[in-house]
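S.K.: sequence first, then the predicted structure:
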Amino acid sequence: MGSVEQGIYRARVTSGGALVRLVRYRDSLVLLTARALKVRYRRSVIGFGWALLYPLIAMTVLTAVFSNVFPEIPQYSLYVVIGVLVWGFFSLACVQAMDALLGGAPVLRKVYVPSAIFPIAAVGANFANFLLALLVLPILMAYLGAWPGLHPLWLATGLLSLTAFTLGVGLMLAAVNVFFNDVRYFFEALLLVWFYATPVVYPAQVIPDHLSALLVLNPLYWFLELLRAALYRGSPPAEAALIVAPLIGIGALAVGWVCYSRLERRFHLYL
């Protein structure tokens, strides 16, 4: 009877679509996200204070190096810290999503849980850290005397689009990395090039006209446009940004989810 009951239980917990199973295991997802946040700052004296301190340190260094190079950018410190926060969230969330799935392999071998909760929890933990790090902006604005005004619609659109894109890329990378461990190293090398191709520390206007097409094809450019419009310029973003950024985010999430769902069927052969 024990094997029969176990079979009935497994059929029950694995029934339904992938999204249904994620909803069913939402408590596990919340616990994994909270655990990822705690592990990140475990044995740290400052703890969650690093979420505020790191962007301030990065901003100070980059401002000292580049503020004289780009004097045309007003309030350069505010400009660059937004870029650093966006880039840090995207890059770290994607890398940790790959590690989280492989790190969850011992659990997946013993009990059934939707494997997707591991990379999703990694992205969720980084998103929570990202929101916490955004608290540095009011401090910086008060110090600089710069109050561009908060625009909730643009901010929400930018944050949701960026998070959807990051989750989609993270899911895709995590799935492929199960079969080819070199994916992580290729992606880290790509990040180095991607960083310099993204207007994190420089204005988009410095890019030559013959390379402007590459800027338009860079998804992070559109997310930065929305978030800087809401938090830095205080002026409406280009209409294209309000359309393109959500489309990129939704499209990346859809592709990433489909890719992950199809490859997940063979995870048991490698994990």
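M.R.: Everything's here; your move. Numbering: from 1, shown residues only.
S.K.: ok, and the closest non-adjacent residue to residue 144?
M.R.: In this structure, residue 144 finds its nearest non-sequential neighbour in residue 75, 5.6 Å apart by C-beta to C-beta, 6 or more residues apart in numbering. Heads up, the C-betas are built off the backbone N, CA and C, glycines and all.
S.K.: state the distance from the spatially most central residue of the chain to residue 192.
M.R.: In the chain, the C-alpha nearest the mean C-alpha coordinate belongs to residue 90, at 3.4 Å (C-alpha atoms, centre = their mean). Distance from residue 90 to residue 192, counting by C-beta to C-beta, to the nearest Å: 14 Å.
S.K.: residue 262 too?
M.R.: 30 Å.
S.K.: repeat that for residue 236.
M.R.: As for residue 236, its distance to residue 192 is 33 Å (criterion: C-beta to C-beta).
S.K.: would you map the helices across the stretch 51-200 of the chain?
M.R.: Under the criterion DSSP state H, counting those that start in this stretch, helices of the stretch 51-200 of the chain are mapped to 76-103, 105-110, 117-133, 136-144, 152-179, 182-197.
S.K.: to residue 53, which of these lies closest?
M.R.: Closest approach to residue 53 among the helices of the stretch 51-200 of the chain is made by helix 136-144 (8.6 Å; C-beta to C-beta).
S.K.: and that closest one with helix 76-103, angle?
M.R.: Per axes from the mean of the first three to the mean of the last three C-alpha atoms, to 10 degrees, the angle that helix 136-144 makes with helix 76-103 is 160 degrees.
S.K.: which strands and helices lie in contact with helix 136-144?
M.R.: Applying 3 or more C-beta pairs under 8 Å, 6 or more residues apart in numbering; DSSP states H and E, one finds that helix 136-144 contacts helix 50-66, helix 76-103.
S.K.: can you redo these as TSV with mean pLDDT and distance to residue 140?
M.R.: Below are these laid out as TSV (pLDDT from 0 to 100; distance: least, C-beta to C-beta, whole Å):
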stretch	mean pLDDT	distance to residue 140
helix 50-66	77	7
helix 76-103	92	6
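S.K.: present those as JSON lines; the columns should include distance to residue 251.
M.R.: Shown next, in JSON lines, are the helices and strands packed on helix 136-144 (distance: least, C-beta to C-beta, whole Å):
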{"stretch": "helix 50-66", "distance to residue 251": "29"}
{"stretch": "helix 76-103", "distance to residue 251": "16"}
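S.K.: most packed of these?
M.R.: Mean neighbour count (mean count of other C-beta atoms under 10 Å) peaks for helix 76-103 among the helices and strands packed on helix 136-144, with a mean of 22.
S.K.: which other helices and strands contact that one?
M.R.: By 3+ C-beta pairs under 8 Å, 6+ apart, helix 76-103 packs against helix 50-66, helix 117-133, helix 136-144, helix 152-179, helix 182-197, helix 219-228.
S.K.: could you identify which of these is most buried?
M.R.: Most buried among the helices and strands packed on helix 76-103, given mean count of other C-beta under 10 Å as the contact rule, is helix 219-228, at a mean of 24.
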